[in-house]
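In: Structure for this input, please:
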Amino acid sequence: MAITTINLKDKFDSFSDHWSPKVVGQLNGQMVKLAKLKGEFVMHHHEHEDELFLVQKGILKMEMEDTILTIHPGEFVIIPKGTPHKPIAEEEVEVILFEPASTLNTGNIINERTVDNLNQI
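Out: All right, here's what the predicted structure looks like:
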C-alpha cells in the first residue's frame with residue numbers, strides 16, 4: 001500500500017450529500033471520516049464508542065441532555081460513549097470524524113439516515 005497525502009479540500013469537494021460519512025483513512029482500528037452536515041440529526045448515543053468531531057468549516061452545535069456546545073472551525077469535541085447527543089448544523093458544516101470502524105453514524109437509532117456501508121473516497 002502506497003503512503004500518500006490526503007487533501008481535505010479535494011475530498012470535501014468530491015461529494016455533496018449530507019449526513020453520509022465517507023472514509024478517507026484507517027489507522028489502529030479507527031476510521032477517519034469526512035461528512036457534510038446540514039439541519040438537525042437525531043438524538044442518539046453510541047453504546048461502546050467515543051466519537052471525535054473536528055470542525056473543518058462552518059459552525060456545529062452539539063445538543064446534549066443539559067447543554068448545547070458550539071464548535072467552530074479548528075475546534076473539536078469528544079462525545080464519550082453512552083452520551084446522548086444530537087448534531088445541529090444551521091448552515092452546511094464540514095466535519096472530520098475519528099471513530100472506531102464499528103461505529104454506526106446513528107448509534108442506537110436505526111432510521112433513514114443510518115449509513116451501514118460507508119464509501120471510501
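In: The nearest residue to residue 93 once chain neighbours are set aside: neighbour count?
Out: Distance criterion Cβ to Cβ, 6 or more residues apart in numbering; nearest residue to residue 93, sequence neighbours excluded, is residue 58 at 3.4 Å. Yep, even glycine has a C-beta here, placed from its N, CA and C like the rest. Residues lying near residue 58 (other Cβ atoms under 10 Å) number 18.
In: do the same with the one 4 residues further on
Out: When neighbours are counted by other Cβ under 10 Å, residue 62 registers 18.
In: Now name the helix or strand holding it.
Out: Assigned by DSSP states H and E, residue 62 falls within strand 60-64.
In: ok, then the element right after that strand?
Out: From strand 60-64, the next helix or strand downstream (DSSP H and E) is strand 68-71.
In: Could you look up the SS state of residue 12?
Out: When classified by DSSP: H, G, I helix; E, B strand; the rest coil, residue 12 comes out as helix.
In: Around it, how many other residues sit close by?
Out: 20.
In: ditto for the one 5 residues further on
Out: Using other Cβ under 10 Å, residue 17 is surrounded by 11 other residues.
In: Grab the nearest non-local neighbour of it.
Out: Nearest in space to residue 17, with sequence neighbours left out and distances taken as Cβ to Cβ, 6+ apart, is residue 36 at 7.0 Å.
In: so the one you found bridges to which residues?
Out: residue 18, residue 94 (DSSP bridges).
In: shouldn't it be in contact with residue 97?
Out: No - counting by Cβ atoms under 8 Å, residue 36 does not reach residue 97; the two are 11.6 Å apart.
In: For the protein, which segments count as helices?
Out: Applying DSSP state H to the chain gives helices spanning 8-13.
In: ok, now which ones touch the residue nearest to the spatial centre of it?
Out: Per Cα atoms, centre = their mean, the C-alpha nearest to the average position across the chain is that of residue 97, at 4.3 Å. For residue 97, the contact set (Cβ atoms under 8 Å, 6 or more residues apart in numbering) comprises 21, 31, 32, 33, 34, 35, 51, 52, 53, 54.
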